[in-house]
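*Asks:* next comes the sequence, and after it the predicted model I'd like to discuss.
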Amino acid sequence: MMTKIRAVCFDAFGTLVEITDRRRPFQAVLQGGVQTITAEEVLTRPLSLREVAARVGHELGEGGLAALEADLQAECASVRLRPGIAEIWQTLRERGLRIGICSNLALPYGAPLLSALPDTPDAVILSYEVGLVKPDPAIFRLACDRLGLQPAEILFVGDTPSADIDGPQVIGMPAMLISAFEMVMQAPAAEHTGIAVERLEAELAQAFATPEAFYQLLKADEVIRRNSQQASSDDPEN
């Protein structure tokens, strides 16, 4: 029998929130000149856009850098909850589930993310604060520690299979893509809070019954190998 889910831990951008005015200033900085800093470093250190630009061997000039900083401000100002997330969040709260956030992101996006959420999460794990990025199993273990629960008691929900499904499954944490999660939580029969969560747990129980189709425990080194190209292509703007 599957362990009862006591918390849902979400990815952030593309899952809970979205940037409605895309400018990609970090990408613009990282693509120019000779790189002396990687995207993974941007995600795992508390660096401003200006600090990242100083590590890249090309000359933006003050005007170019100011323009990119304006783009960054526009992106941060455009962070919004995705449609339907407020209702899902309320349903989880009414059911007594804890809520966590675990996200790969650069420093400037942290405050806009937290400001957009319906209330304060029970645990917040941001890559630039903890020095870890998904799908490193260590970041999911940290989520367990901060939520005070075992991996099997937490459902991870995100929009990227490599980071948000394979990663948590390494430590025995069930995981769902946000598209599937929304279908369960927003189904007509799930309008009542209890029914929504019961339906979710039933879907997960069925998934555990057929692990080859949904829930496969992977060795950590296999996940890292499958995602060996991810660090170089990670988008600090998510």
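*Replies:* Alright, I've got the coordinates.
*Asks:* enumerate every residue touching the residue lying closest to Asp122 once chain neighbours are set aside.
*Replies:* Leaving aside its sequence neighbours, Asp122 sits nearest to Arg98 (CB to CB, 6 or more residues apart in numbering; 4.2 Å). (Each C-beta comes from the backbone N, C-alpha and C, glycine too.) Arg98 is in contact with Arg6, Ala7, Val8, Asp122, Ala123, Leu147, Leu149, counting by CB atoms under 8 Å, 6 or more residues apart in numbering.
*Asks:* so the second one bridges to which residues?
*Replies:* Using DSSP bridges, the beta-bridge partners of Ala7 come out as Arg98, Ile154.
*Asks:* in this structure it contacts Leu155, no?
*Replies:* Yes: the criterion here is CB atoms under 8 Å, and Ala7 meets it with Leu155 at 7.3 Å.
*Asks:* all strands of this structure, in order?
*Replies:* 7-10, 17-19, 34-35, 56-57, 79-81, 98-103, 123-126, 154-158, 175-177 (DSSP state E).
*Asks:* burial count for the closest residue to Glu153 other than its chain neighbours?
*Replies:* Nearest-residue entry for Glu153: Arg6, 4.5 Å, with adjacent residues in sequence omitted and distances by CB to CB, 6+ apart. By other CB atoms under 10 Å, 16 other residues sit near Arg6.
*Asks:* with Arg93 instead?
*Replies:* Applying other CB under 10 Å, I find that Arg93 has 14 neighbouring residues.
*Asks:* please name the residues that touch it.
*Replies:* Counting by CB under 8 Å, 6+ apart, Arg93 makes contact with Ile99, Asp119.
*Asks:* got the CA coordinates for stretch 5-23 in PDB?
*Replies:* C-alpha atoms of stretch 5-23 as PDB (Å, rounded to 0.1, in the frame of the first residue of the first chain):
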ATOM      1  CA  ILE A   5       0.900  11.900   0.800                       C
ATOM      2  CA  ARG A   6       1.400  14.600   3.400                       C
ATOM      3  CA  ALA A   7       3.000  17.400   1.300                       C
ATOM      4  CA  VAL A   8       3.300  18.500  -2.300                       C
ATOM      5  CA  CYS A   9       6.600  20.100  -3.300                       C
ATOM      6  CA  PHE A  10       6.400  22.200  -6.500                       C
ATOM      7  CA  ASP A  11       8.900  23.400  -9.100                       C
ATOM      8  CA  ALA A  12       8.300  27.100  -9.600                       C
ATOM      9  CA  PHE A  13       8.600  28.600 -13.100                       C
ATOM     10  CA  GLY A  14       6.400  26.800 -15.600                       C
ATOM     11  CA  THR A  15       4.600  25.000 -12.800                       C
ATOM     12  CA  LEU A  16       3.300  27.500 -10.300                       C
ATOM     13  CA  VAL A  17       4.300  30.800 -11.900                       C
ATOM     14  CA  GLU A  18       5.200  32.100 -15.300                       C
ATOM     15  CA  ILE A  19       7.100  35.100 -16.700                       C
ATOM     16  CA  THR A  20       4.600  36.900 -19.000                       C
ATOM     17  CA  ASP A  21       7.100  39.300 -20.500                       C
ATOM     18  CA  ARG A  22      10.100  37.200 -21.600                       C
ATOM     19  CA  ARG A  23      13.400  39.100 -22.100                       C
END
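*Asks:* what comes up buried for it?
*Replies:* Using 16 or more other CB atoms under 10 Å as the test for burial, stretch 5-23 gives 5-19, 23.
*Asks:* can you give me the helices in the protein?
*Replies:* Here the chain has its helices, by DSSP state H, at 25-31, 39-44, 49-54, 61-77, 85-94, 110-116, 127-130, 137-147, 167-170, 178-185, 193-209, 220-226, 230-233.
*Asks:* cheers, nothing more for now.
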